[in-house]
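Asks: return a 3D structure for these sequence lines:
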Amino acid sequence: MNFGILDLEMTCDGKQVGKKFIDDGRMRHFLREIISVGFIVTDENFSVKKSYQNFVKPARNSTLTEYCKNLTRITQAEIDGGKMCNEVFGDILKICRNFSVEIIFTFDRFDKAGILNSARFCEEAKEPSENIYAVAEKILDVKPIILSAVSSGNKKRLSLSKIFQMLQIEIDATKHNALNDALTLCKICKRVNFKIRRI
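Replies: Next up, the predicted model:
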């Protein structure tokens with residue numbers, strides 16, 4: 001059986017203090033749109049069989065904040081040259097069909113919410129959205145499964161990178177890059193899966 005693992009980067013805003021990025025709520029989650037997608041296909045042992053990455057031009061507000069550009073290292077030119085959201089999710093659906101993927105893992109509920117937000121903004125802009133909804137139907141948030149296997153006093157606030165550190169997995173890629181974060185989630189799933197099998 002094959003699985004998909006999906007990560008998104010979205011429009012955002014906040015406060016930057018030195019190298020620290022603080023999401024202070026100035027851009028509400030329901031206003032954020034997808035700007036980058038990272039997707040991989042793995043087998044049941046979490047060996048990567050296919051990877052995909054693309055930039056997405058937002059339908060509602062395509063101008064990135066300085067905070068967003070600094071956090072994600074995505075440039076305005078990359079977004080301006082990006083595909084329409086429905087087209088990118090059409091690419092993902094095609095990969096899912098080719099590899100018989102029925103379930104797509106994400107980390108946290110915000111990814112699916114972001115997908116649905118972007119679909120809504122596409123509809124408001126009279127752009128297609130059917131592929132976006134089709135991918136959303138395959139989403140499974142694996143954060144609760146991962147948290148149940150990680151020993152911590154305050155599990156709900158654990159980020160992907162903190163869990164990575166707790167599981168003592170070396171990070172060999174840039175954070176806040178959609179494809180790299182999808183690969184990170186794959187490594188975490190593999191490690192947690194191993195722990196679950198041993199319990």
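Asks: mind checking the SS state of Lys50?
Replies: strand (DSSP: H, G, I helix; E, B strand; the rest coil).
Asks: mind listing what it touches?
Replies: Ile40, Val41, Ile95, Asn98, Phe99 (Cβ atoms under 8 Å, 6 or more residues apart in numbering). Where you see a C-beta, it was placed from the backbone N, CA and C, and this is true even at glycine.
Asks: tell me which two of the residues you listed sit farthest apart.
Replies: Ile40 and Asn98 (13.4 Å; Cβ to Cβ).
Asks: from the chain's centroid, how far away is the lengthiest helix in the chain?
Replies: If you go by DSSP state H, the chain has its longest helix at helix 178-198. Helix 178-198 sits 14 Å away from the centroid of its parent chain (Cα atoms, centre = their mean, to the nearest Å).
Asks: do stretch 8-15 as well
Replies: 12 Å.
Asks: can you name the residues bridging to the closest residue in space to Arg32 that isn't next to it in sequence?
Replies: Nearest non-adjacent residue to Arg32, counting by Cβ to Cβ, 6 or more residues apart in numbering: Met10, 4.3 Å away. Beta-bridge partners for Met10, by DSSP bridges, are Ile34.
Asks: how far away is Met10 from Gly38?
Replies: As judged by Cβ to Cβ, to the nearest Å, Met10 and Gly38 stand 12 Å apart.
Asks: what of Lys190?
Replies: Taken as Cβ to Cβ, the span from Lys190 to Gly38 is 17 Å.
Asks: compare the two (neighbour count), which wins?
Replies: Gly38 (22 against 15; other Cβ atoms under 10 Å).
Asks: what residues are up against that one?
Replies: By Cβ under 8 Å, 6+ apart, the contact list for Gly38 reads 6-8, 51-53, 177-183.
Asks: okay, now the unreliable bits of this protein?
Replies: In the predicted model, the chain carries pLDDT under 70 at residues 17, 20-21, 25-28, 151-157, 170-174, 193-199.
Asks: one more pass at 80, please.
Replies: 15-30, 149-162, 164-165, 167-175, 193-199 (pLDDT under 80).
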